[in-house]
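J.: Sequence first, predicted coordinates after that:
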Amino acid sequence: DSSLTVKKLAEKLEVEPNSLMQELIGLGIMATINQELDEDTIEVIADEYGYEVTTEPEEEIKEEDLGLNELVQDIEDNPEDLQDRPAVVTVMGHVDHGKTTLLDVIRKANVTASEAGGITQHIGAYQANINGDKLTFLDTPGHEAFTSMRARGAQATDITILIVAADDGVMPQTVEAINHAQAAEVPIIVAINKIDRHNAQPERVKQELTEYGLVPEEWGGDTICVPISALKKENIDGLLEMVTLVAEMEELKANPDRPANGVIVEAELDKGRGAVATVLVQNGTLKIGDSIVAGLSHGRVRAMIDDQGERIEEAGPSTPVEVLGFNSVPQAGDLLQVLEDEKEVRNLAEDRQSKKRQQDLGQKQTVSLDDLFEQI
Ligand code: GDP
Ligand code: MG
């Protein structure tokens, strides 16, 4: 029933029709270029060229199925070892609603004099002190932080600030952000921004939010809405106070006295320093000299630099830190873990690399019958 001409099959297999016809002759089939071949013949020919013909529709193999990013040491912590840790906060919202402005305002209020001088490079996350409480802000685009990290099974956010411009209202990416946060069961605090604008309509924003299940506290719901102006630095303290309040209710804990695990927030190849990764430590304490693995990369922690540009020896739970010492650049969202020694992390990374190679090869070499026939 299913058939394919010699010409089409040659195209599919990326070989010359002449070469294919030679193969057919080898099988005792004298075929012309427009002759139709049956399924069995196609299978034999495809096999000759190193393709495996599958009858199942191809399913994309997901990274988690390959185990390229799983924690090999997922130690359970004893409750008595757990200590309070800072909340990790992301800012999400529609483009131009003020994410960058807000993150910059909070960041600048928390930099030391040396950094204010512009010596330090910007890292993808920072900590802020709010009346003695610490909050960790992921300074990456919120959607990316969610999508790439969640795709790899990492949950890096404890609280989301949903920023909505009061002059624009709920927009598509606002809804997307709400969906992400709700799917991850992350509490949302709404910052109604740009209240300095003459056409600001904060009440309309609240009304629109109710359509997505976010009912403001003042209307009897449980969504905290804080009017702010990121540009004029108005009521930023009020917003951060609410964030610390929600953080307290979350009772976030971790065990600092164990080997660290965490997530890669961003990473790049630096000309002078090699692979540089911004890591959010999620549990345990990361130390200089630790043997680390993240995705397909491994190494030893050679140096760590905090969000103030200072070299540090140790980084505890919820601390964002720049890590030097990876042998290659890990991907944002990769899970970082510390193992016993350099041999262990190398073995794990190499094992993952070979699995990945096999997968890549496998995908190139298989061609499904459905695929072969769909273009007849
Ligand atoms: P992002 O795309 O969400 O990161 O938005 P930005 O922070 O880049 O802000 C987009 C524009 O809105 C910029 O021109 C900001 O200066 C402006 N903006 C941000 N916050 C406020 C605010 O509170 N009031 C006013 N009037 N403009 C703001
Ligand atoms: Mg921005």
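T.: On my side now, so go ahead. Numbers count the residues shown, from 1 in each chain. Ligands and ions are numbered 1, 2, ... in the order given.

J.: Extract the CA atoms of stretch 233-245 and return them as PDB.
T.: In PDB, the C-alpha atoms belonging to stretch 233-245 read as follows (Å, rounded to 0.1, in the frame of the first residue of the first chain):
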ATOM      1  CA  LYS A 233      11.200  55.000  43.200                       C
ATOM      2  CA  GLU A 234       7.800  55.400  44.900                       C
ATOM      3  CA  ASN A 235       6.700  52.700  47.300                       C
ATOM      4  CA  ILE A 236       9.500  50.300  46.500                       C
ATOM      5  CA  ASP A 237       9.900  49.800  50.200                       C
ATOM      6  CA  GLY A 238       6.200  49.000  50.600                       C
ATOM      7  CA  LEU A 239       6.500  46.300  47.900                       C
ATOM      8  CA  LEU A 240       9.600  44.700  49.400                       C
ATOM      9  CA  GLU A 241       8.000  44.700  52.800                       C
ATOM     10  CA  MET A 242       5.200  42.700  51.400                       C
ATOM     11  CA  VAL A 243       7.600  40.300  49.700                       C
ATOM     12  CA  THR A 244       9.400  39.700  53.000                       C
ATOM     13  CA  LEU A 245       6.100  39.100  54.700                       C
END
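
J.: Okay, buried residues for it please.
T.: 235-236, 239-240, 242-244 (16 or more other CB atoms under 10 Å). For every residue, glycine as well, the C-beta is placed using N, CA and C.

J.: for stretch 129-136, same thing?
T.: 130, 133-136.

J.: tell me the mean pLDDT over it?
T.: On average, the pLDDT along stretch 129-136 is 91.

J.: Any chance you could give me that stretch in CSV, C-alpha atoms only?
T.: The C-alpha trace of stretch 129-136 is given here as CSV (Å, rounded to 0.1, in the frame of the first residue of the first chain):
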residue,chain,number,x,y,z
ASN,A,129,18.7,43.5,52.5
ILE,A,130,15.3,44.6,53.6
ASN,A,131,15.2,45.5,57.3
GLY,A,132,17.6,42.8,58.2
ASP,A,133,15.9,40.2,56.0
LYS,A,134,17.7,39.0,52.8
LEU,A,135,15.9,38.5,49.5
THR,A,136,17.6,36.9,46.5
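
J.: Could you give the separation of that stretch from the chain centroid?
T.: 25 Å (CA atoms, centre = their mean, to the nearest Å).

J.: Excluding its own residues, what touches that stretch? List them.
T.: 86-89, 110, 125-128, 237, 240-241, 243-244, 247-248, 280, 318-320 (CB atoms under 8 Å, 6 or more residues apart in numbering).

J.: circling back: go through the buried residues of stretch 129-136 and flag which are in helices.
T.: Nothing among those maps onto helices, per DSSP state H.

J.: Pretty sure Ile292 sits in a strand.
T.: Yes. Counting by DSSP: H, G, I helix; E, B strand; the rest coil, Ile292 is located in a strand.

J.: okay, the buried residues of stretch 233-245 in a markdown table with secondary structure, distance to Asp81 and pLDDT next?
T.: Shown next, in a markdown table, are the buried residues of stretch 233-245 (DSSP: H, G, I helix; E, B strand; the rest coil; distance: CB to CB, whole Å; pLDDT from 0 to 100):
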| residue | secondary structure | distance to Asp81 | pLDDT |
| --- | --- | --- | --- |
| Asn235 | coil | 38 | 98 |
| Ile236 | helix | 35 | 97 |
| Leu239 | helix | 33 | 98 |
| Leu240 | helix | 29 | 97 |
| Met242 | helix | 30 | 97 |
| Val243 | helix | 26 | 97 |
| Thr244 | helix | 24 | 97 |
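
J.: and Asp77, how many residues sit next to it?
T.: Using other CB atoms under 10 Å, Asp77 has 14 neighbouring residues.

J.: Ignore what I typed, I meant Gln201.
T.: 16.

J.: What separation do you get for the nearest residue to it once chain neighbours are set aside and Val205?
T.: Of all residues not flanking Gln201 in the chain, Ala166 sits nearest, at 5.9 Å (CB to CB, 6 or more residues apart in numbering). Distance, Ala166 to Val205, by CB to CB, to the nearest Å: 6 Å.

J.: got any residues that touch both of those two?
T.: The contact lists of Ala166 and Val205 share Ile192, where a contact means CB under 8 Å, 6+ apart.
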